[in-house]
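> take a look and give me a structure for this.
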Amino acid sequence: MDFDIVGPDAIREGRATDAYFDRTETTLRHAGRNPRVVAEITADQFPDGDYELLAGVKDVAALLEGRDVDVDAIPSGRLFDGGPVMRIEGDYLEFARLETSILGFLSHASGVATAALDVRRAAPDSLVLSFGARHVHPSVAAMIERSALVAGLDGFSHVAAGDVLGKEAGGTMPHALVICFGRGNQEEAWTAFDEAVGEDVPRVALCDTYSDETDEALRAAEALGDRLDSVRLDTTGSRRGDFQHIIKEVRWTLDAHGHEDVGVFVSGGLGPEELRELRDVADGFGVGGYVSNADPVDFALDIVEVDGEPAAKRGKLTGAKEVYRTADGGHHVGLRDRDGPDDGEVLLQPLLRDGEVVEDVAFDIDAAAERAARDADLCAYGAE
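Sure thing, here's the model as predicted:
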């Protein structure tokens, strides 16, 4: 029995499309029409101050590579607010049936990246890890984790995603491990973990399985001594009460017994609001569903020029455009053949020419994260 997965071959061949693009291609070929067009991908026509973070550009480049098109795109890891994030020029039938996949690549990844930037900015000085791959189809786990890293999160949990991205997944123990040793035997679970895993794995003891968080945290610290890096609190919401108070109590108890070097890491149903509330009492966070379950950005692909003439449907802005970032963090949209703002940085950069990836284009995750951090500062993203 196979998984319900649309594979890479179907995506590259254009089978991962909406049926009406099949009909469109059939009709245009029958009519002998294949105009040269400029198509733009946008979420909003005009800037409104509601920035989002772009991701997914690498997958679009991989899909369009080898096709006779020119593509300009805002690089992954940059904020956008109105106007195109990508422009495709070429004969329409070169990419018509790929629209569904192109929009899916950009929409889903950008939604996840934007949510990850929300939590990154909510706790800028804390360790924040992506724990949400369990909430999504496993076939897209690498996209989830890449998008989280582009936004600046410090790590992720999904092993196979790490294989794809060339980065190592992190994580320690679930409640299931502690439960397998039985109630009252938490020390056996923590000690067995310490004895079994490699020295490069942080010793983080999960401390809320059977008894009070303060009790289990102190027991873990006494069982593992100097080898314990942190305790993790993943208290279920129905038993959590005042989570900030619980964390402060755990911190107090550890300090009172000489375990000042043991960190406190928390997870479980967290989002930006919780991170802002807890960032001064916890050392790090695992964020799951807020990031992985993010709504996709509502991108659309529209033809704006046909054979060199402005053309756009009602409600869309006609003509090829440029987008700019100004020194004050502003986002500006204008026609490509007009002058932009005096201090405006052109955001759309060459991505493919004649179907070849432009020589100096790289898809490095760390570089994208640096861009995201710079843009977030410049645009005051998530400012309180």
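> alpha carbons only for contacts and neighbour counts from here, please
Noted.
> I'd like the next helix or strand past the helix or strand containing His30.
According to DSSP states H and E, His30 maps onto helix 19-31. The C-terminal neighbour of helix 19-31 among helices and strands, as given by DSSP H and E, is strand 36-42.
> neighbouring strands for the next helix-or-strand element following that following strand, and are they parallel or not?
With elements assigned by DSSP H and E, the helix or strand that comes after strand 36-42 is strand 52-53. For strand 52-53, the paired strands and their directions (DSSP bridges) are strand 79-80 (antiparallel).
> give me the mean pLDDT for the partner strand.
Computed over strand 79-80, the mean pLDDT rounds to 98.
> what lines up beside the helix or strand following that strand in the sheet?
Next along the chain after strand 79-80, taking DSSP H and E as the criterion, comes strand 84-91. Strand 84-91 sits in its sheet next to strand 36-42 (antiparallel), strand 69-73 (antiparallel), going by DSSP bridges.
> can you list the ones you listed in JSON lines and add mean neighbour count and mean pLDDT?
Putting these into JSON lines (neighbours: other CA atoms under 10 Å; pLDDT from 0 to 100) gives the following:
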{"stretch": "strand 36-42", "mean neighbour count": "23", "mean pLDDT": "98"}
{"stretch": "strand 69-73", "mean neighbour count": "22", "mean pLDDT": "98"}
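> in CSV: the ones you listed, plus distance to Glu89.
Formatted as CSV, those follow (distance: least, CA to CA, whole Å):
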stretch, distance to Glu89
strand 36-42, 5
strand 69-73, 5
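> quick one: closest of those to Lys248.
strand 36-42 (45.5 Å; CA to CA).
> contacts for the closest one?
The contact list for strand 36-42, computed with CA atoms under 8 Å, 6 or more residues apart in numbering, reads 82-92, 103, 299-308, 320.
> rerun that using 7 Å as the cut-off
82-92, 299-307, 320 (CA atoms under 7 Å, 6 or more residues apart in numbering).
> what of stretch 223-239?
Contact with stretch 223-239 is made by 187, 191, 202-208, 217, 221, 262-268, as judged by CA under 7 Å, 6+ apart.
> how about low-confidence regions in the stretch 251-384 of the chain?
Residue ranges of the stretch 251-384 of the chain with pLDDT under 70: 384.
> ranges for the strands of it?
263-267, 284-287, 300-306, 309-310, 321-325, 331-335, 345-346, 349-353, 356-357 (DSSP state E, counting those that start in this stretch).
> who are the packing partners of the first one?
It refers to strand 263-267. Applying 3 or more CA pairs under 7 Å, 6 or more residues apart in numbering; DSSP states H and E, one finds that strand 263-267 contacts strand 230-233, strand 284-287.
> and of those, who's closest to Arg67?
strand 284-287 (38.8 Å).
> can I get the strands of the stretch 251-384 of the chain in TSV with distance to Asp70 and mean neighbour count?
As requested, these are arranged in TSV below (distance: least, CA to CA, whole Å; neighbours: other CA atoms under 10 Å):
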stretch	distance to Asp70	mean neighbour count
strand 263-267	44	22
strand 284-287	38	25
strand 300-306	14	20
strand 309-310	17	14
strand 321-325	15	22
strand 331-335	18	19
strand 345-346	17	16
strand 349-353	5	21
strand 356-357	8	18
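> output these as TSV; include the columns distance to Pro35.
Converted to TSV, the strands of the stretch 251-384 of the chain look like this (distance: least, CA to CA, whole Å):
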stretch	distance to Pro35
strand 263-267	53
strand 284-287	47
strand 300-306	6
strand 309-310	11
strand 321-325	19
strand 331-335	21
strand 345-346	27
strand 349-353	18
strand 356-357	21
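> so which of those strands gets nearest Glu65?
strand 356-357 (5.8 Å).
> and that closest one, what does it pack against?
Checking 3+ CA pairs under 7 Å, 6+ apart, strand 356-357 ends up next to no helix or strand.
> direction included, what does that strand pair against?
According to DSSP bridges, strand 356-357 has these partners: strand 349-353 (antiparallel).
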